[in-house]
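Engineer: have a look at this fold, sequence not included:
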Ligand code: PAN
Ligand code: ZN
């Protein structure tokens, strides 16, 4: 006989658009924690440093670094901008570079930026019900281009890890700015 199958410990609440249950790790990224990420650093520096740009709830059923497991996360990006650049996630490559990931849109609107190792960029529109495959060896970041919270879920391998250094140092090759109310990709200079 197989070991007893237990009920899931977590669920996704369609009321709050958040993960619920035990063992969920919550982190938030504020304007103060995102120094050097947005183009206009002087605009960022004079904003309220406690302003929350995004939150992540993660369900990690196995220890980070375990191979063969999966992690699940809900990211909520608030609407807003630093000067003309939309609020966005820090962005990263996976530490084990070839690890891929699924993203899927729950609420709100945004753009997923994917950057290959040669710094070429591909974008996909995130919205309710959209599904996105982020291939391995690809940096990924999401910007909220709407007026409401952007909520998306993600599932990635438990041994993937996150390499934030490469993006902190070299950024993405393109930025997403609000040009008279419309998202526009501009080359990062
Ligand atoms: C996501 C991201 C999440 C926050 O769960 O970690 O959206 O973005 P940053 O990690 O770039 O701050 C994911 O891609 N996990 O691998
Ligand atoms: Zn990732």
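Structural biologist: That came in fine, so what should we check first? Just so you know, these numbers come straight off a predicted model, no measurement behind them. Ligands and ions are numbered 1, 2, ... in the order given.

Engineer: residues of the protein that sit close to ligand 1?
Structural biologist: Residues of the chain lying close to ligand 1 (CB under 6 Å from any ligand atom) are 56, 73, 75, 89, 90, 91, 92, 101, 140, 154, 156, 162. Placement of C-beta: from N, CA and C, glycine included.

Engineer: now render those residues as a markdown table, adding pLDDT and neighbour count.
Structural biologist: Putting these into a markdown table (pLDDT from 0 to 100; neighbours: other CB atoms under 10 Å) gives the following:
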| residue | pLDDT | neighbour count |
| --- | --- | --- |
| 56 | 98 | 17 |
| 73 | 98 | 20 |
| 75 | 98 | 21 |
| 89 | 98 | 24 |
| 90 | 98 | 16 |
| 91 | 98 | 21 |
| 92 | 98 | 18 |
| 101 | 98 | 19 |
| 140 | 98 | 23 |
| 154 | 98 | 19 |
| 156 | 98 | 21 |
| 162 | 98 | 14 |
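
Engineer: make JSON lines out of the residues you listed and add secondary structure.
Structural biologist: Putting the residues of the chain next to ligand 1 into JSON lines (DSSP: H, G, I helix; E, B strand; the rest coil) gives the following:
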{"residue": "56", "secondary structure": "strand"}
{"residue": "73", "secondary structure": "strand"}
{"residue": "75", "secondary structure": "strand"}
{"residue": "89", "secondary structure": "coil"}
{"residue": "90", "secondary structure": "coil"}
{"residue": "91", "secondary structure": "coil"}
{"residue": "92", "secondary structure": "strand"}
{"residue": "101", "secondary structure": "strand"}
{"residue": "140", "secondary structure": "strand"}
{"residue": "154", "secondary structure": "strand"}
{"residue": "156", "secondary structure": "strand"}
{"residue": "162", "secondary structure": "strand"}
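
Engineer: wait, which of the residues you listed is closest to residue 42?
Structural biologist: Comparing these against residue 42 with CB to CB picks out residue 90 as the nearest, at 19.5 Å.

Engineer: shouldn't residue 54 be within a strand?
Structural biologist: Yes: assessed with three-state DSSP, residue 54 lies in a strand.

Engineer: and it, what does it touch?
Structural biologist: By CB atoms under 8 Å, 6 or more residues apart in numbering, the residues touching residue 54 are 28, 29, 75, 76, 77, 78, 87, 88, 89.

Engineer: need the pLDDT of it.
Structural biologist: On pLDDT, residue 54 comes in at 98.

Engineer: what's across from it in the sheet?
Structural biologist: For residue 54, the beta-bridge partners are residue 29, residue 77 (DSSP bridges).

Engineer: quick one: low-confidence residue ranges for the chain.
Structural biologist: Within the chain, the stretches with pLDDT under 70 are 1-3, 5-8.

Engineer: the same query, at a cut-off of 80, please.
Structural biologist: In the predicted model of the chain, residues 1-8 satisfy pLDDT under 80.
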